[in-house]
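In: Quick check, what structure comes out for this input:
(one chain, ligands or ions: 1)
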Amino acid sequence: MREIIGSSTLGILKKAKSLREKGKDIAILALGEPDFDTPEFIKEAAKQAMDLGYTKYPPVEGLYELRKAVVEWEKERGLEYTPDEVIITCGAKQGIFSVLFYLIEDEEVLIPSPYWVSYPKMVELVGGTPVFLDTAKEKLTPEILEKHITERTKVLILNSPSNPSGVVYSLDELEGIAEIIKKHDIFVISDEIYSSITYDGPAPSIGTIPGMKERTFVVSGVSKAFAMTGWRVGWVLAPQHEIQALKNIQSHMLTSTSSISQYAAMVALKKGKESVREMVEKFRKRRDLVVKLAGEIENTSFPEPHGAFYLFLDVSYYTKNTARLAEVLLEHGVAVVPGEAFGCPGYIRISYASSEEEIKKGMERIKRCLYARTF
Ligand SMILES: Cc1ncc(COP(=O)(O)O)c(C=O)c1O
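Out: Numbering: from 1, shown residues only. Below you'll find the predicted structure:
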């Protein structure tokens, strides 16, 4: 039997919510999803979908009208694909898993750390070996990348904007990385689930760089951009023959994600630009607030968060055992995710998918706890 450890980010959240239910005052800065509700027009679309008869098995690759909407949506970011080069998945998570399942037999997968908590486990589940590239202090450079490539390397997982750091790669930086990818003839899984949530300019995609389309799997979805985490709609963009392979896997795995969700996601992509813009503006205010408050905590630092809704605080001056610190912080009334979950002890991830009040309260508690050194 396989021994599989569940997502630690979900574990902390569960604990925090249970303490709150028992009446404890907890500032939750650990959410991995927007705290906003799905916009009303998207919910209406789901109701309409049922009335229109979107109640049968959808095609394995997803509804054509949704794949078309995805193509239009991604085209605005410079990604040139046709509906045949899109597969709809049950969230970005399943998209990444399917691509890994397709690509990996026993090869190595390069994962810059800090990484999204599920990448290493997914790689292990499909029989691969995760190889970590330390990018806590500086972004991935062509030199660091090349140093870690062996004859067993198959793919690099890139995540920009990043969970947990909010770091965004510029086109220049991506071009440097792309050169090495092409030189060594490997693939990229580009997790772009936060691409709509940026504050200081767009997040470019490595898939737009000449020569990269044939070796890139762009993964994204509606979860974060439209506050639709529960609807489970994501997608993968890749050349048609790769999509066909993913389709074959998906046909035996889940057929497709809910047709009602797919219809609603289609409406979200077609009519939802304004709602994304409004949400990003709210997040921007909180980003500015959390950057200011984190900047006031002595002997800590963080990479500038330009996207997503996280700040990754280096608290290693105080402790390297941030798993323990997170427990103590919870006792002090604030929930954060320790860096260990992302391969970086000595850091904590602060999510600002919470109200300004909660952010202020939580940041004050973090500061007090660090200064008191009661961990
Ligand atoms: C970096 C990253 N990739 C993928 C996902 C999963 O997204 P989805 O809800 O579309 O499965 C998340 C969710 O937290 C994430 O943070």
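
In: tell me the contacts of the residue of the stretch 251-375 of the chain found nearest the ligand?
Out: Proximity to the ligand, evaluated over the stretch 251-375 of the chain using CB to the nearest ligand atom, is greatest for A308 at 7.5 Å. Quick note: C-beta positions are derived from backbone N, CA and C, even for glycine. By CB atoms under 8 Å, 6 or more residues apart in numbering, the residues touching A308 are P161, S162, N163, G166, Y194, I197, K224.

In: For ChimeraX, write the select line for the buried members of those.
Out: The following ChimeraX line selects those of the contacts of A308 that are buried, judged by 16 or more other CB atoms under 10 Å:
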select :161,162,163,166,194,197,224
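
In: ok, for P164, nearest residue in space, not its chain neighbours?
Out: Using CB to CB, 6 or more residues apart in numbering and skipping residues adjacent in sequence, the residue nearest P164 is R349, 4.0 Å away.

In: ok, now how distant is the residue of the stretch 251-375 of the chain closest to the ligand from K137?
Out: As judged by CB to CB, to the nearest Å, A308 and K137 stand 19 Å apart.

In: residues contacting the residue in the chain that the ligand sits nearest to?
Out: Using CB to the nearest ligand atom, G91 is the residue of the chain that sits closest to the ligand, at 2.6 Å. The neighbours of G91, taking CB under 8 Å, 6+ apart as the test, are G221, S223, R232, V233, G234, T257.

In: Name the SS class of the second one, please.
Out: It refers to S223. Three-state assignment for S223 (DSSP: H, G, I helix; E, B strand; the rest coil): coil.

In: Quick check: it touching A92?
Out: Yes. Counting by CB atoms under 8 Å, S223 does reach A92; the two are 6.7 Å apart.

In: Which neighbours do these two have in common?
Out: Counting by CB under 8 Å, 6+ apart, the contacts common to S223 and A92 are I193, G234.

In: for the chain, what's the longest helix?
Out: Across the chain, the longest stretch assigned as helix under DSSP state H is helix 273-295.

In: Off-centre distance for that one?
Out: Mean-position distance between helix 273-295 and its chain equals 17 Å (CA atoms, centre = their mean, to the nearest Å).

In: Let me know the next secondary structure element after it.
Out: Moving toward the C-terminus from helix 273-295, the next helix or strand (DSSP states H and E) is strand 310-314.

In: pLDDT (mean, whole number) over that following strand?
Out: For strand 310-314, mean pLDDT is 98.

In: mind exporting it as CSV, just the C-alpha atoms?
Out: Output of strand 310-314 as CSV, limited to C-alpha atoms (Å, rounded to 0.1, in the frame of the first residue of the first chain):
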residue,chain,number,x,y,z
TYR,A,310,0.8,35.7,-0.5
LEU,A,311,3.9,37.1,1.2
PHE,A,312,6.7,34.8,2.1
LEU,A,313,8.4,36.1,5.2
ASP,A,314,12.0,35.1,6.1
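
In: What lies in contact with the next helix-or-strand element following it?
Out: Heading C-terminal from strand 310-314, the first helix or strand you meet, by DSSP H and E, is helix 322-331. Contact with helix 322-331 is made by 12, 15-16, 19, 26, 315, 318-319, 335-340, 345-348, 365-366, 369, 374-375, as judged by CB under 8 Å, 6+ apart.

In: One more: stretch 51-58?
Out: Residues from elsewhere that reach stretch 51-58 (CB under 8 Å, 6+ apart): L63, I88, T255, S256, T257, S258, S259, I260, Q262, Y263.

In: quick one: buried residues of stretch 111-131?
Out: Buried, per 16+ other CB under 10 Å, within stretch 111-131: 111-117, 119-120, 122-124, 126, 128, 130-131.

In: Farthest pair within these?
Out: Within the buried residues of stretch 111-131, P114 and V126 form the most distant pair, 21.7 Å apart (CB to CB).

In: which residues touch the spatially closest residue to R20 that is not a sequence neighbour?
Out: Nearest residue to R20 in three dimensions, chain neighbours excluded: I26, at 4.8 Å (CB to CB, 6+ apart). If you count contacts by CB under 8 Å, 6+ apart, I26 has them with A16, L19, R20, L330, G333, V334, A335.

In: any idea which element the third one lies in?
Out: Spelled out, that is R20. helix 8-21.

In: Tell me the residues of the stretch 101-250 of the chain that contact the ligand?
Out: By CB under 6 Å from any ligand atom, the residues of the stretch 101-250 of the chain that approach the ligand are W116, N159, N163, D191, I193, G221, S223, T229, G234.
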